[in-house]
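Q: okay, structure incoming, though there's no sequence with it:
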Ligand SMILES: [Zn+2]
C-alpha cells in the first residue's frame, strides 16, 4: 500500500481509503492521517462518473473481444473519449467538493439514498485519476 507523507504533520502513513455518501449519488473517496486526522479527498464520483467508469470498463474489454480491426479501433477511440470525459468530470466534482469535512453525523441523517443498491457496488480499485 502507498505510503504517503501528511502535509500537515509531516508524518508518514498508509492510505486507507474510505467512502462517504453525500446523497444524490455523490460518493466521496477519502483518507485521513491517523496521526493528526487531516483529511484528504482522493476523488469524488457521482452517478454520471460511475456510468463512465462502467463504460470505460466495457470498452476496455471490447478492445480485446472485438472480432474486426475496425471494431477494435472504434472501441479504442471511444475509450479515449470516455476517459477524457471522466477526467474532466472528476476535476469538476473535486472543485465542487474541495474540502468536505468529515463531521461524521454532525448534520443528522442524510436523506435516504434511493439510488444505492447492492448491485451498484462495483467499486473497482484504480479509478482513472485516482491516488498514486
Ligand atoms: Zn497528519
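A: Yep, that arrived. Note that the structure is a prediction, hence the values are computed from the model and not measured. Numbering: from 1, shown residues only.
Q: going forward, measure contacts and count neighbours with C-alpha atoms only.
A: Will do.
Q: just the strands in the protein please.
A: 3-5, 12-14, 18-21, 27-32, 39-45 (DSSP state E).
Q: export those strands as CSV, with columns for mean neighbour count and distance to the ion.
A: Output for the strands of the chain, formatted as CSV (neighbours: other CA atoms under 10 Å; distance: least, CA to the ion, whole Å):
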stretch, mean neighbour count, distance to the ion
strand 3-5, 13, 8
strand 12-14, 15, 8
strand 18-21, 14, 16
strand 27-32, 19, 8
strand 39-45, 20, 8
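Q: now these in a markdown table, with mean pLDDT?
A: Output for these, formatted as a markdown table (pLDDT from 0 to 100):
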| stretch | mean pLDDT |
| --- | --- |
| strand 3-5 | 87 |
| strand 12-14 | 93 |
| strand 18-21 | 93 |
| strand 27-32 | 91 |
| strand 39-45 | 88 |
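Q: possible to save the ones you listed as CSV with distance to residue 72?
A: Shown next, in CSV, are these (distance: least, CA to CA, whole Å):
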stretch, distance to residue 72
strand 3-5, 38
strand 12-14, 39
strand 18-21, 35
strand 27-32, 32
strand 39-45, 28
